[in-house]
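>>> have a look at this fold, sequence not included:
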């Protein structure tokens, strides 16, 4: 079983989840954190089955992911 780093965002109307390190767009959503994770897991599986293992070929691989915030004056 391959592990993927997944970002989960909480919005007013639910949760959105997306994996890091895959080529293409893969998104899951749900009313709860757990539903979003299950949905993105299904979306990852579908994406790989549809487009093949080449969607996994990112170089260099993502070692860690961080969430940061910064201010920008406009």
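The structure has been received and is ready for your questions. Since we're looking at a predicted model, the values are computed, not measured.
>>> the helices in this protein, which residues?
Secondary structure of the chain (DSSP state H): helices at 33-51.
>>> shaky segments in it?
Across the chain, not a single residue meets the criterion (pLDDT under 70).
>>> show residues contacting stretch 4-23.
25-33, 35-37, 39-40, 44, 47, 51, 54-58, 61-62, 65, 67 (Cβ atoms under 8 Å, 6 or more residues apart in numbering). Backbone N, C-alpha and C define where each C-beta goes, glycine included.
>>> with stretch 46-58 instead?
Looking at what lies outside stretch 46-58 - Cβ under 8 Å, 6+ apart - the contacts are 2, 21-24, 26.
>>> so where do the strands sit in this protein?
Listed in chain order, the strands of the chain (DSSP state E) span 6-11, 14-19, 28-30.
>>> quick one: which of the ones you listed is nearest residue 72?
Closest of the strands of the chain to residue 72 is strand 6-11, at 19.5 Å (criterion: Cβ to Cβ).
>>> what strands line up against that closest one, and which way round?
Under the criterion DSSP bridges, strand 6-11 sits next to strand 14-19 (antiparallel) in its sheet.
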